[in-house]
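Undergrad: no FASTA, just this:
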């Protein structure tokens, strides 16, 4: 392989594909810039430290600058210098003194080092960003690296798990594995660790079907965090949409990520990525020039109409990517296809997805971005999940995303938290959430799986902290506890923080079981926050975005409480998997089915009578039951067979007092106790549930303990009409 200073041949090349593409003989370079006057390709030594060669890209086709280096090979480090007008007030911020990273870079080398030379303007100037800085930023910048994409996927197959069968597990690659005792120390915190046997075995034993990874696109540590000695932990600060983050890579090779995906697939586990296409790491008008800003600021970002010096910021991060521009839209679409086709991921969760829908500043449900995805033969077959809001006007769009999309349902989170906390008047809302949120998704023809149900997520309290703190405790973030959400709907059970009181400890464990059972036995797709099954605490910090340390890392040290909670969640997941009543594809009707007097779902008061509108509107009511008919499943099985199940009775009591709940009669035989969160007893495992081995309950009423959830089952009556 020739070194960079031995490269002598420069051919015209092709405008497609974008980025640096090794074709087996040489490397084609292609960069979009509509407003540039000149583009230079800069080649660096193998470590990306010293510029060795600068090549003027003379070919320009449809605003794509391109060239071909027949002597170049994979591993080549490179960047660009883009010449053009520096007129911020017109939206142009070209500065050839600033090396910029290829927006299509599939691999990177080196870490960014913060310094004033990274800014296109002179830091400290009275003219701020209207000034112009001539210092070279290359020594501070990471570089792109030409990728050798070859990888032996073998017989890798996507698990293709149906939406209704999914149990999502949201985790952080680094934090999930950093202290795992069975992972070799040199692999902890990496893709290799996540694909290691003990970690995969843990996920399988728990019963989750899908891992959702917090951002793994290459990202930067924010300048203000670096100055405080902190680290951007979550990764919502994207630099490169194609390159995996190398801090999570033990081998520093892209194929490590592919190996992880292949290993998880072989275990039947899907991989979904949390992706951040709404903004980039370059911030507002006073941010650094690192990539898209220096390549073509006016095309890639939404600038303010009356003064293009500034950005329309719908994300709270300083800028918003302009998906109305065809090349910016192409960048996002190409990135998504790359991660599906080349990296074999199974879907995406889109951060602040409402920002992607904005056209002329307004959120449009069926805008260009959604049209592009829906017609794309690669992307319309993978899982698409929206965080259905942004920070701009009209940006809260829960229930309004297009057909084919699922959404994070914060209404589920708040309804479940509020009910078990003991709030007034939330019982009716909880019933909507238990049944798949038809009020939010049914009107548009979507189904229960459009609702991604969660009680906790990376952003907010863990499950342990949700029952241990009334207030956030984010002092370690260095923002005087001003950051993070103040509306947590949490309850500390009587003491703020850790407690040695056995009664408080027992109540907290019960509340966690209540929340877990409610989440996993509701219609829709449940999402679990990694570590909740072990009682992971962040010591009351509900915004650990900058805590790349033991505060956020999962503690793998075993405890009796953690082991018991893991076993409880494991069994409830197995119950969900064993019974189609909890995984319906269609919404309940709430009325007698054709040819039968039995309702598919019925709501009962503690006296055993059906709920009335007055009962639902009683602000002080805390106790009710949900009766699910095993004959009420209208959909068919995979071979067209009719689906039948047991009848299930779900008893909810958020009162502090015990209530004698009258059990409904009928069915075939006695009710059997499957689960009671007031005891340490575990529900039967999947085989026991299928064989009906749960203990019979012969009393006409059940002593429903204060702040507890109970699940009972019985054999359903023979269906009167099976067609």
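TA: It's in. Predicted model only: the values in this text are computed from it and were never measured. Residues are numbered from 1 along each chain as shown.

Undergrad: C-alpha only now, for contacts and for neighbours.
TA: OK.

Undergrad: which residues does the residue nearest to residue 625 when sequence neighbours are not counted contact?
TA: Closest residue in space to residue 625, ignoring its immediate chain neighbours: residue 651 at 4.5 Å, by C-alpha to C-alpha, 6 or more residues apart in numbering. By C-alpha atoms under 8 Å, 6 or more residues apart in numbering, the contact set of residue 651 is 623, 624, 625, 626, 704, 709, 710, 711.

Undergrad: okay if I get those as a markdown table plus distance to residue 192?
TA: Compiled in a markdown table, the contacts of residue 651 are given as follows (distance: C-alpha to C-alpha, whole Å):
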| residue | distance to residue 192 |
| --- | --- |
| 623 | 47 |
| 624 | 47 |
| 625 | 46 |
| 626 | 44 |
| 704 | 47 |
| 709 | 40 |
| 710 | 41 |
| 711 | 40 |
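
Undergrad: got any ranges where this structure has weak pLDDT?
TA: Where the chain drops to pLDDT under 70, the residues are 1-5, 365-366, 594-595, 667, 680-693, 718-723.

Undergrad: how about a cut-off of 80?
TA: Scanning the chain with the threshold set as pLDDT under 80 gives 1-6, 364-367, 592-597, 634, 666-668, 680-695, 717-723.

Undergrad: wait, is residue 648 part of a strand?
TA: Yes - checked against DSSP: H, G, I helix; E, B strand; the rest coil, residue 648 lies within a strand.

Undergrad: Report the secondary structure element holding the residue nearest to residue 625.
TA: strand 647-653 (DSSP states H and E).

Undergrad: Give the partner strands of that strand in its sheet and their orientations.
TA: strand 623-628 (antiparallel), strand 708-715 (antiparallel) (DSSP bridges).

Undergrad: between the contacts of residue 651, which is closest to residue 360?
TA: Nearest to residue 360 among the contacts of residue 651 is residue 626, at 45.6 Å by C-alpha to C-alpha.

Undergrad: who does that closest one bridge with?
TA: On the basis of DSSP bridges, residue 626 is bridged to residue 603, residue 650.

Undergrad: Let me know how buried it is, in neighbour terms.
TA: Per other C-alpha atoms under 10 Å, the neighbour tally for residue 626 reads 20.

Undergrad: hang on, it packs against residue 601?
TA: Yes - Residue 626 is within contact range of residue 601, at 6.9 Å (criterion: C-alpha atoms under 8 Å).

Undergrad: if I pick residue 210, what's in contact with it?
TA: Counted by C-alpha under 8 Å, 6+ apart, residue 210 has contacts 166, 167, 168, 169, 269, 270, 271, 272.

Undergrad: circling back to that earlier point, tell me which helix or strand comes right after the strand holding residue 651.
TA: The helix or strand immediately downstream of strand 647-653 is strand 659-662, counting by DSSP H and E.

Undergrad: Name the residues of that next one that are buried.
TA: In terms of neighbour count (16 or more other C-alpha atoms under 10 Å), strand 659-662 has its buried residues at 659, 661, 662.

Undergrad: about what we covered before: now the buried members of the contacts of residue 651.
TA: Buried, going by 16+ other C-alpha under 10 Å: 623, 624, 625, 626, 704, 709, 710, 711, out of those.
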